[in-house]
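**Q** Provide a 3D model corresponding to the input given below.
(chains A and B)
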2 protein chains.
Amino acid sequence: MQILSSAQNPQIKELVRLQTSRRERRERGLFVLEGARISMEAADSGVVIEKFFFSPKGAQRYPQVVAHLTEVAGEIYQISDQLAQKIGDSVNPQGIFCLCRCLDNLFTADKIKGDGHYLAVYGLQDPGNLGTIIRSCDAFGADGLILSEDCPDLYSPKVLRGSMGGFFRLPVYLTADMGRTVGILREGGIPVYAAALSPDSSSVLQTDLSGGACVMIGNEGSGLPQEMIDCCSGSLIIPMTPQAESLNAAVAASVILWEMFRGGQH
Amino acid sequence: MQILSSAQNPQIKELVRLQTSRRERRERGLFVLEGARISMEAADSGVVIEKFFFSPKGAQRYPQVVAHLTEVAGEIYQISDQLAQKIGDSVNPQGIFCLCRCLDNLFTADKIKGDGHYLAVYGLQDPGNLGTIIRSCDAFGADGLILSEDCPDLYSPKVLRGSMGGFFRLPVYLTADMGRTVGILREGGIPVYAAALSPDSSSVLQTDLSGGACVMIGNEGSGLPQEMIDCCSGSLIIPMTPQAESLNAAVAASVILWEMFRGGQH
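**A** Have a look, this model is predicted:
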């Protein structure tokens, strides 16, 4: 097998474009995974791996991973250790890259369970927070995550890393019209609550989330806009000490997910 | 007043050294705050501001803040907008910098309340996580946070920013010997629980944290070392779905803090 060593090789240029450009990912419907563990999780969950790239160091360090990915991937490329280091996103690159087909993230009414627990996220800014939220959704058994289109790209390397594999187990839906999506959920019998730092909000402890429910959280700095709160069935707040003003957005989402989950854990 | 415009000015060099070097902060017992809001919170909570630097743009945008800080600070310096931009840490610098005296972070037995709720953090790596943990401690009414010395520096700009002012309201203690500190807490009647992803751990829902209690969390990747778990009164775990392996460290700490807080909120 030929070993690719130039960053100018068309295969490598495609890989780098998909790593760095959201538009490229969206237009092509492809994304890049880097690292042994996350690539194996993707393969195990049935993600289509179109191309697999590995370096000699990667093959030496993860022989079983490389053997398995070589079997399931469409095309296989060997790259030099130097090139792997160059295009690697992390501090300690593992020399394993998969070019994968994006999942089906289309929101449709028939995908929603009437007794399910959902989190909706509107206008989030930080990819680290999104990755953490996906990880918490997975850990606390959410049935799905609904994202507005202006959230960080689901397929960016930072989100994928932060989700710690939760990404492949959790249904994630993207919506260009969150107001309409809220309407569909409510028509389907799922109350939708806006997380809002307002004196009108009910405490999450006084809100019954045990049946089907969806909670929506907003932007790190500005929360949810009023028109989005108005679409919802009601609004809720996590009680805090009086001097504190707010929580980190990923923490707020996680505490709400924990409250949905904890009822069934006693 | 003379306007400082050179990054070579000794006052500016001191400021930049304190922004960037943990060792410098520790040796001098000083740290730097940047921004209008956090500087006002520091002033309001009695932090000693030794030197205050502001730019013309800062004075124009935050006249009341600049007036107040000019009154309380020891020495006042005006700097050019260009220099403020250059030494500013954030994307959108506000032209306001305070050189402040570090707080008293010494852990001593007499500072501990027998019925208090504490979080201990051992070997954390990410400054963003530490900032988020401080913010959650403040929001959920923790009586104090105890940090091992190998955690990120409490006075680094990223930690200060992430804590959203919680930093000035929360007693934070640094300890060079966490095992000994755990012993002091336990002698003072406070049970200390290790957060550990182990089948031997009790569910946080079956652990009584309503009296005085301290929970210790560990490193993002490796958790707590066994010798630290062995120092504790017991270990606890946050229940999760079987497929998930762990939570983000700041989320795990926040869910535990929420569990300590929520009992009193019904």
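
**Q** going forward, measure contacts between C-alpha atoms and count neighbours the same way
**A** Fine.

**Q** Enumerate the residues of chain A near chain B.
**A** For chain A, the contact set with chain B under C-alpha under 8 Å from any C-alpha of the partner chain comprises A:132, A:135-136, A:138-141, A:166, A:205, A:239-241, A:243-248, A:250-251, A:254-255, A:258, A:265-266.

**Q** Where do the strands of chain A begin and end?
**A** For chain A, the strands defined by DSSP state E occupy A:3-4, A:30-34, A:49-54, A:75-79, A:96-101, A:117-121, A:144-148, A:172-175, A:192-195, A:202-203, A:213-217, A:234-237.

**Q** Rebuild the ones you listed as TSV, extending it with distance to B:Arg28, mean neighbour count and mean pLDDT.
**A** TSV is the format used below for those (distance: least, C-alpha to C-alpha, whole Å; neighbours: other C-alpha atoms under 10 Å in any protein chain shown; pLDDT from 0 to 100):
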stretch	distance to B:Arg28	mean neighbour count	mean pLDDT
strand A:3-4	52	16	90
strand A:30-34	42	24	96
strand A:49-54	49	23	97
strand A:75-79	49	18	96
strand A:96-101	45	24	97
strand A:117-121	44	26	98
strand A:144-148	47	23	97
strand A:172-175	49	21	96
strand A:192-195	43	26	98
strand A:202-203	45	18	96
strand A:213-217	42	25	98
strand A:234-237	42	22	97
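
**Q** so who does A:Asp177 touch?
**A** A:Ser148 (C-alpha atoms under 8 Å, 6 or more residues apart in numbering or on different chains).

**Q** what about it, distance to chain B?
**A** Plainly put, A:Asp177 is 29 Å away from chain B if you go by C-alpha to the nearest C-alpha, to the nearest Å.

**Q** if I look at that residue, how far off is A:Gly123?
**A** 12 Å (C-alpha to C-alpha, to the nearest Å).

**Q** Mind listing the shared neighbours of those two?
**A** With contacts taken as C-alpha under 8 Å, 6+ apart, A:Asp177 and A:Gly123 have A:Ser148 as neighbours in common.

**Q** sorry, back to before: quick one, which of the residues of chain A next to chain B are buried?
**A** When the residues of chain A next to chain B are checked for burial by 16 or more other C-alpha atoms under 10 Å in any protein chain shown, the buried set is A:132, A:135-136, A:138-141, A:166, A:205, A:239-240, A:244, A:246-248, A:250-251, A:254-255, A:258.

**Q** Okay, and which of these map to helices?
**A** Mapping those onto helices (DSSP state H) picks out A:132, A:135-136, A:138-139, A:166, A:250-251, A:254-255, A:258.

**Q** Chain A - how does it break down into domains?
**A** A:3-101, A:109-265 (automatic domain parsing).

**Q** okay, the ones you listed in CSV with distance to B:Ser198 next?
**A** As requested, those are exported to CSV (distance: least, C-alpha to C-alpha, whole Å):
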stretch, distance to B:Ser198
domain A:3-101, 21
domain A:109-265, 16
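
**Q** residue contacts, A:Cys214?
**A** Going by C-alpha under 8 Å, 6+ apart, A:Cys214 touches A:117-120, A:190-193.

**Q** so A:Gly223 bridges to which residues?
**A** Beta bridges link A:Gly223 to A:Asn219, judged by DSSP bridges.

**Q** I'd say it and A:Met216 touch.
**A** No. Assessed by C-alpha atoms under 8 Å, A:Gly223 is found out of contact with A:Met216, at 10.0 Å.

**Q** would you turn the strands of chain A into JSON lines with distance to A:Ala42?
**A** Formatted as JSON lines, those follow (distance: least, C-alpha to C-alpha, whole Å):
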{"stretch": "strand A:3-4", "distance to A:Ala42": "24"}
{"stretch": "strand A:30-34", "distance to A:Ala42": "9"}
{"stretch": "strand A:49-54", "distance to A:Ala42": "8"}
{"stretch": "strand A:75-79", "distance to A:Ala42": "16"}
{"stretch": "strand A:96-101", "distance to A:Ala42": "9"}
{"stretch": "strand A:117-121", "distance to A:Ala42": "23"}
{"stretch": "strand A:144-148", "distance to A:Ala42": "18"}
{"stretch": "strand A:172-175", "distance to A:Ala42": "15"}
{"stretch": "strand A:192-195", "distance to A:Ala42": "31"}
{"stretch": "strand A:202-203", "distance to A:Ala42": "38"}
{"stretch": "strand A:213-217", "distance to A:Ala42": "27"}
{"stretch": "strand A:234-237", "distance to A:Ala42": "35"}
